[in-house]
Structure formats: structure tokens, C-alpha cells
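**Q** below is the sequence, then the predicted model.
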Amino acid sequence: MTKNHNSQHKDLMLQNSQKLDRLLTRLCKRSGCDEEEEHEGGNESVLFIAAKNGVLEILEKILKDKPGAIHETNSLDQNVLHVTVENRQPRVFEHLEKYLKEKELWESHVARADKDDNTILHLAAKLSRYKPRHIAGSALQMQWEVKWFLFMKKKMPHMQFLQNKSRKTPQDIFVRDHEDLLEQGIGWLKSTSESCSVVAALIAGVAFATATTFPGGTQEETGKPYLERHPAFNLFAFTPLWALFCSITSLITFLSILTSRQQPQDFRKDLPSKLLVGLSYLFMSIASVLASFSSAFFFLLRDHLQQVVFSLYAVAILPIAYFGVAQSPLYMDLMRATFRNIPQSSNRESEKLIL
């Protein structure tokens with residue numbers, strides 16, 4: 001019984017070891033160890049590869065089995081904290097912060113600069129060539145970059161005025177490195193806002209015309225609609241007004257994006273939240289217009305084609321359903337990016353590596 005247990009334990013350890021070897025090999029291939037060797041003049045340690053790719057499990061195991069690895073540096077004289085910050089890995093950074101503070105090594109690691117006198121805040125300000133997060137669109141990428149820099153700036157406020165060998169502060173580096181990304185983000189926001197503004201204006205015009213037209217006409221003596229007591233009339237009376245309100249609100253929101261300053265700090269929350277609000281009201285205005293037309297045609301079709309009227313309504317819902325499905329990835333990205341204070345890295349690739 002004991003022999004079988006020991007044999008199973010050895011097999012499990014061997015499997016874990018083989019899995020770890022495969023993971024490290026894939027990590028090395030993914031991070032381009034050959035390119036790093038040519039560029040930096042030497043191989044990166046496994047600790048640095050794990051930190052760069054955000055594989056927290058490997059990093060924890062290395063620090064547990066070999067605590068002295070925390071003092072390792074690469075050919076650029078960067079420690080593991082520098083590499084983590086440069087490659088935008090918040091989970092790894094939070095773990096290292098806790099670990100280094102427990103070991104009373106936090107101050108020494110933070111105060112260290114690389115061979116170009118770049119501090120941790122300088123590295124946070126750089127536009128990294130590594131993209132650990134799956135973010136669609138330059139505007140959202142710019143938002144994450146701004147949030148990461150401000151997050152690190154809040155952690156290390158004393159470093160914001162320090163200069164490197166090129167006499168550049170972290171703010172100088174951020175502005176320089178993100179100039180192209182900022183222009184791309186502004187261009188994407190402008191084109192999106194202009195297109196949505198046209199749609200919102202068309203819906204506002206249709207909603208206004210619908211709100212002033214009553215199906216069945218009005219009584220000559222009182223001016224009241226003939227069908228005002230019909231249940232479907234209440235829906236018809238409400239939906240054009242709601243569509244008009246939503247479309248005008250959406251139009252004003254998109255216009256505020258077009259007329260904003262569009263500075264880097266505006267990408268943190270102001271511009272994405274406006275885009276989120278504009279898209280939400282635009283979606284509701286489209287749905288309200290469809291509901292308004294469906295209720296209006298109900299009066300025309302209630303005595304005819306009663307068996308197929310609900311099928312026609314179901315078909316009428318398809319455009320709004322398609323729009324919702326098509327825009328849901330962008331909408332969810334905006335939701336996550338707007339309401340999270342700390343950028344979150346995606347470990348989907350790391351999970352694939354482990355598997």
C-alpha cells in the first residue's frame with residue numbers, strides 16, 4: 001500500500017516536472033529568448049520570463065524554492081520589479097509588492113534604476129512592445145496605458161520629477177512614446193462619434209415626426225385621438241417620446257466627445273464613459289423606434305393577418321438584436337475599462353501555455 005502510494009507520488013511529481021519544463025520552453029519561445037539574447041547579450045532568467053508573461057504560479061514557485069532569485073538583474077541592470085512594471089503585469093506587481101514588503105526589500109528594489117537611470121516610473125511611462133492585455137482599439141489601449149501610468153505614479157509619487165540619462169522625466173517619456181497611439185485613439189473616437197451622431201440625428205427626426213402623428217386620426221371637436229383608450233396606443237404614445245429623448249441625449253454626448261480637448265488624461269475615464277453613455281442611449285433609441293412602429297402597425301393589422309402579426313414583430317426585432325450582438329464586445333470592453341481603476345492583464349495566453 002505504501003509502495004503504491006510512493007509510486008503514485010513520484011509519477012505525479014514527474015508529470016508536474018514535465019509540465020513545468022514544457023511551460024518554460026513555451027514561455028521562452030513566446031517571449032523570444034533568441035531575440036533577447038541577440039539584443040541584450042544574454043539569456044533572461046526563468047523568473048524574468050514568468051514576470052514578463054504574467055505567469056504568477058511559476059514566479060511564486062521560483063521565489064519559494066530559490067528566494068535569492070529576487071536579487072537577480074538582467075543585462076539592462078533591471079530587477080524583476082522593473083520587468084513587471086514595463087510589461088504591464090498588475091497581478092505580478094501586487095504579489096511582488098506584498099512579497100518585497102514582507103522581506104523588507106521593497107525600498108531597495110523601488111529605488112534601483114537601470115543602466116540608463118530609468119526608474120520604475122520611467123518604465124511605466126514607456127509604450128511597451130509587449131501587449132499582455134487583449135484590448136481592441138487604440139482608444140481603449142490608450143486608456144489602459146494612462147491608467148497604468150497613473151496607478152504607478154500614485155504608488156511612487158516621489159519619482160515623477162526624477163530624470164534619466166537623457167534628462168527626461170516620466171511624464172516626458174509618456175508624452176513622447178504615446179504620441180502616435182494618442183492620435184490613433186483620437187481618430188477612432190472622432191470617426192465613431194461622427195457616424196453615431198448621424199444615426200442619432202436621423203432617429204431624432206423620425207421620433208419627432210412619429211410623436212406628432214396619431215394612428216386613426218383625431219376627433220375634430222376635441223382634437224383627441226380616436227384610439228386613445230386602446231392599450232396599444234399607450235405604448236405608441238410613450239415610445240416616440242422616449243426615442244426622441246434617448247436620441248437627443250446620445251447626439252449631445254457624441255458632440256461633447258467631438259468638442260472635447262482629447263488630452264491623454266481625458267482617456268482615463270472622461271472620453272470612454274461618454275462613449276459608453278452615447279452608445280447606450282443610441283441602442284435604446286433604436287429599440288424605442290422599432291417599438292413605436294410595431295405598435296402603430298398593430299392598429300393596421302389587428303383585423304388582418306392576425307396569425308402572422310407576431311411573426312412580423314419577431315422579424316422586426318432582428319435588426320436591434322443584430323446591433324446588440326455586434327456591439328457587445330466593444331460595449332463590454334468599455335464597461336471593464338471604465339469601471340476598473342487598475343488595468344487587468346489577461347492570462348488567457350498563459351493558461352494556454354500551461355495546458
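**A** Sure, I can see it.
**Q** over to Leu100: give its phi and psi.
**A** With angles defined as degrees, to the nearest 10, Leu100 sits at phi -70, psi -30.
**Q** who touches it in this structure?
**A** 70, 81, 106, 109 (C-beta atoms under 8 Å, 6 or more residues apart in numbering). The way it works is simple: take the backbone N, C-alpha and C, and place the C-beta from them, glycine included.
**Q** for Tyr331, state which of those is nearest.
**A** Leu81 (35.2 Å; C-beta to C-beta).
**Q** can you tell me the SS state at that closest one?
**A** The local conformation at Leu81, judged by DSSP: H, G, I helix; E, B strand; the rest coil, is helix.
**Q** circling back: pull the most distant pair out of the contacts of Leu100.
**A** So, the contacts of Leu100 by C-beta to C-beta: farthest apart are Ile70 and Trp106, at 10.9 Å.
**Q** inside strands: which ones of the contacts of Leu100?
**A** Judged by DSSP state E, strands contain none of the contacts of Leu100.
**Q** from the residues you listed, which is closest to Ala209?
**A** Lowest distance from Ala209 to the contacts of Leu100 (C-beta to C-beta) belongs to Leu81, with 62.1 Å.
**Q** can you get me a residue count around the spatially closest residue to that closest one that is not a sequence neighbour?
**A** Excluding its sequence neighbours, the residue lying closest to Leu81 (C-beta to C-beta, 6 or more residues apart in numbering) is His109, at 4.8 Å. Neighbour count for His109, taken as other C-beta atoms under 10 Å: 18.
**Q** repeat that for Val315.
**A** Neighbour count of Val315, defined by other C-beta under 10 Å: 10.
**Q** that one falls within a helix, correct?
**A** Yes: assessed with three-state DSSP, Val315 lies in a helix.
**Q** can you verify my assumption that Ala287 contacts Ala321?
**A** No: judged on C-beta atoms under 8 Å, Ala287 makes no contact with Ala321 at a distance of 9.8 Å.
**Q** for the protein, give me the ranges with low pLDDT.
**A** Counting by pLDDT under 70, the chain contains low-confidence ranges at 1-43, 129-136, 211-236, 296, 298-310, 342-355.
**Q** swap in 50 and give it another go.
**A** Residues of the chain meeting the criterion pLDDT under 50: 12, 16, 31-42, 132, 346-355.
**Q** per-domain residue ranges of it.
**A** 16-177, 187-339 (automatic domain parsing).
**Q** so where does the residue nearest to Val80 when sequence neighbours are not counted fall, helix or strand?
**A** Using C-beta to C-beta, 6+ apart and skipping the chain neighbours, the partner closest in space to Val80 is Ala51 (5.1 Å). Using DSSP states H and E, Ala51 falls within helix 46-53.
**Q** what are the buried residues along whichever helix or strand comes after that helix?
**A** The helix or strand immediately downstream of helix 46-53 is helix 56-65, counting by DSSP H and E. Buried residues in helix 56-65, counted by 16 or more other C-beta atoms under 10 Å: 56, 58-59, 62-63.
**Q** same check on stretch 174-190?
**A** Those would be 174, 178, 181-182, 184-186, 188-189, for stretch 174-190 by 16+ other C-beta under 10 Å.
**Q** one more: stretch 87-104?
**A** For stretch 87-104, the buried set under the neighbour-count rule, 16+ other C-beta under 10 Å, comprises 87-93, 95-97, 99-100.
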